[in-house]
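Chemist: Compute the structure for the input listed below.
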Amino acid sequence: MARRERPFKGRQFTSDVILWAVRWYLQFPISYRDLELMLQDRGVSVDHTTVYRWIQAYAMELEKRLRRHLRPTNESIKNLWGGMAGATEGG
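Modeler: Numbers count the residues shown, from 1 in each chain. All right, here's what the predicted structure looks like:
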């Protein structure tokens, strides 16, 4: 199978652990060492350089997939602006 079809093949940790770390790194302003400590608190012993490698390997793809789902639609923007205008006018 191609690497793209099985991106976590050959990794020491499960895909869940890797995706936790990458997702936390993308979502919060956190250092690799702090992320290492967070994972240790959850029972996962991993070095910060391994976390760095995961970020380099998976962050762009995960970011691309997340942004596609978080992109606002025209309808949601209309609702947002309509709700904000009504909230500031009435009082």
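Chemist: burial count for Thr49?
Modeler: Here the number of neighbours of Thr49 (other Cβ atoms under 10 Å) works out to 10. Where you see a C-beta, it was placed from the backbone N, CA and C, and this is true even at glycine.
Chemist: For it, grab phi and psi.
Modeler: Main-chain dihedrals, Thr49, degrees, to the nearest 10: phi -70, psi -30.
Chemist: Just the pLDDT at it, thanks.
Modeler: pLDDT for Thr49: 95.
Chemist: Next: Lys64.
Modeler: The model's pLDDT for Lys64 equals 78.
Chemist: Quick check: it vs Pro29, distance?
Modeler: Lys64 sits 20 Å away from Pro29, going by Cβ to Cβ, to the nearest Å.
Chemist: More neighbours: which of the two?
Modeler: Ranked by neighbour count (other Cβ under 10 Å), Lys64 and Pro29 place Lys64 first, with 9 against 6.
Chemist: Check the secondary structure at Tyr52 for me.
Modeler: Here Tyr52 is recorded as helix under DSSP: H, G, I helix; E, B strand; the rest coil.
Chemist: what's the burial count for Lys9?
Modeler: Lys9 has 10 nearby residues by other Cβ under 10 Å.
Chemist: where in this structure is pLDDT low?
Modeler: 1-7, 10, 68-91 (pLDDT under 70).
Chemist: Tell me who's in contact with the closest residue to Thr14 other than its chain neighbours.
Modeler: Distances taken as Cβ to Cβ, 6 or more residues apart in numbering put Phe8 closest to Thr14, at 7.6 Å, once the chain neighbours are dropped. By Cβ atoms under 8 Å, 6 or more residues apart in numbering, the contact list for Phe8 reads Thr14, Ser15, Ile18.
Chemist: Most neighbours among these, which one is it?
Modeler: Counting neighbours by other Cβ under 10 Å, Ile18 leads the contacts of Phe8 with 23 neighbours.
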